[in-house]
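Peer 1: Fold the following.
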Amino acid sequence: EAPPGPRLEFSAKLKGKRAAMGGELAIGRGANVHLSCRVEGGAGCIFRLESSTGLLEAQIDDDSFSWERDMMVVGNDYFRPMVIDPPEAPLDVEPAALMARAVGNPVFVREG
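Peer 2: I've put the predicted structure just below:
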């Protein structure tokens, strides 16, 4: 958004290997990948995580927000973090209602 806007950090980890936004993580089939996110200055916004298999969202209640989750990954995938304003209309009805405040590069997860 701008220098005073929300700051977003995101990474994926597996057995001592780590990939930050824009990076790639090699995994075995059916691996549990640990995803973690930190947002500073995003109170009142929504953390949104997109992947090829779906979408996760969490309300950001404080200016210092942390989110972590282990996810089983089968095959190649990606995880793209975003910080968005609460939409004024359902996004499946009105996609233009999505107002991004911070968008991170995806972390790519490759089976190998």
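Peer 1: what helix or strand is the residue nearest the centre of the chain on?
Peer 2: Among the residues of the chain, P81 comes closest to the average C-alpha position under C-alpha atoms, centre = their mean, at 2.5 Å. Per DSSP states H and E, P81 falls inside strand 77-84.
Peer 1: That strand - contacts with which helices or strands?
Peer 2: In this structure, strand 77-84 packs against strand 7-14, strand 31-40, strand 46-51, strand 100-103, strand 107-111, with contacts taken as 3 or more C-beta pairs under 8 Å, 6 or more residues apart in numbering; DSSP states H and E. Heads up, the C-betas are built off the backbone N, CA and C, glycines and all.
Peer 1: Dump those strands to JSON lines, plus distance to S64 and mean pLDDT.
Peer 2: Below are the helices and strands packed on strand 77-84 laid out as JSON lines (distance: least, C-beta to C-beta, whole Å; pLDDT from 0 to 100):
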{"stretch": "strand 7-14", "distance to S64": "10", "mean pLDDT": "97"}
{"stretch": "strand 31-40", "distance to S64": "6", "mean pLDDT": "96"}
{"stretch": "strand 46-51", "distance to S64": "13", "mean pLDDT": "96"}
{"stretch": "strand 100-103", "distance to S64": "15", "mean pLDDT": "94"}
{"stretch": "strand 107-111", "distance to S64": "22", "mean pLDDT": "94"}
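Peer 1: quick one: which of the ones you listed is nearest P86?
Peer 2: Closest approach to P86 among the helices and strands packed on strand 77-84 (C-beta to C-beta): strand 46-51, 5.9 Å.
Peer 1: List the buried residues of the closest one.
Peer 2: Using 16 or more other C-beta atoms under 10 Å as the test for burial, strand 46-51 gives 46-49, 51.
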